[in-house]
Structure formats: structure tokens, C-alpha cells
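> Everything below, folded, please.
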Amino acid sequence: MQFIKKNWIAFLLAFIFPIVLIIWWWGGFSHATITETESEPLYYAYTEYYGDYGNLGDTQQKVYSALIAQNIKPGKFLTILYADPRTTKKHDQHARVGYLLPMNTVVRQPLLTDTLPRRQVLRASAKASLMLAPSIAYQGLHDYLKPLGKDIQMPSVEIYTAGTSINEMGTLTVDIPY
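A predicted model of the protein is given here:
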């Protein structure tokens, strides 16, 4: 402890500053942009998922691999969350995990396809790493709805658009019924 007291500037530069810089680079200090809008129709290939939303990554990779095996280029990553993770036990959580595709792309089993119609939504958009973006987007929705006496309604539709380079964070959009 005596070392830190004598060399606090060096300690800040060596340990604290790099951590803050990494969190900033990942988008940890960004805020969600909230808009009331009408969504576009979305055509997507997916698989059903039941279980802890924290483990969606493996299912995402399986859908990606299945599309590549069918010579189909996956579009943006899409997740539809049907259960509110704040109130639903992890083993009861249900989602669709998939990728956007051009309309009427033919996809074979084990994948399924569906179309989300045009609808009125409340949209949160957060530019951050995929690890941090969901918490930023959902917090933004919560903060927007709370003064109105409302809460987040499910299902939510999450679409992640990856950055165009290693230096650019992607953007997560979350649409909820509104």
C-alpha cells in the first residue's frame, strides 16, 4: 500500500488508465438512442432455443455453420427473445436464434424460416461491443419507458450489425412492441 501512495500517478497510468481505455473502446460509456418507429419486414433463418440466454453463442454458431453448409451467405445476426430474463427462470427462457436473409431464400432442415411483418416498435440502438451493447440498449429502453409508467414488453427483436473494421464497434438494435 505504501508503494501506491508514493507512486499513485504511475499506478494510475499502468493499471487504471488501460482498463478505462478498454472499456471506452468497447463502448462501455456509450448510451442508447431510442426512437419510436415502424420496423421493416424481416425474413430470417433460425432455430429454436430453450435455456439460459447467456449461452446463445453456441446456437448462433450452429445456425451460421448450417447456412454456410447450404451455400447461403448469412446476413446480420438476429435473436428474438420471447421471455423476459428478469422474471423468467433460465431453463424456461425461449428464443429464436438466426440470421437475416434475402426474402424467399430457400433453406433446408434443420433450419426454419419465418418473416416478421412490418410493425410499430420502440427501438434502442447502441454502438458497442456485443458483450456490452445489450445492457446499454435495454437500460435505455427501461429509462425511456419508466417515466411513462411502462416497462419493457416481450418479444424483443435484436439485430447486431458488425463494425466494418477491427477498430469499429458494431451496432445492436433492439425492437420491442410499442
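
> which SS state does residue 79 fall under?
strand (DSSP: H, G, I helix; E, B strand; the rest coil).

> That one pairs with what?
Assessed by DSSP bridges, residue 79 has beta-bridge partners residue 97, residue 158.

> Kindly provide the distance from it to residue 146.
Distance, residue 79 to residue 146, using C-beta to C-beta, to the nearest Å: 24 Å. (C-beta placed from N, C-alpha, C; glycine too.)

> cool, and residue 104?
41 Å.

> These two: which is more packed in?
residue 146 (11 against 8; other C-beta atoms under 10 Å).

> On the three-state scheme, that one is what?
Residue 146 ends up helix, using three-state DSSP.

> same thing with residue 35?
Going by three-state DSSP: residue 35 is strand.

> Check residue 110 too.
coil.

> residues in contact with it?
Listed by C-beta atoms under 8 Å, 6 or more residues apart in numbering, the contact partners of residue 110 are 47, 66.

> And the pLDDT at it?
Model confidence at residue 110, given as pLDDT, is 94.

> With residue 147 instead?
Residue 147 is given a pLDDT of 97.

> how close does it get to residue 125?
20 Å.

> For this protein, which segments are assigned as helices?
Assigned by DSSP state H, the helices in the chain fall at 2-6, 8-11, 17-25, 56-69, 133-145.

> Quick one: mean pLDDT over the fourth one.
This points to helix 56-69. 95.

> Of residue 147 and residue 125, which one has the most company?
Set side by side, residue 147 and residue 125 show more neighbours around residue 125, with 19 against 7, by other C-beta under 10 Å.
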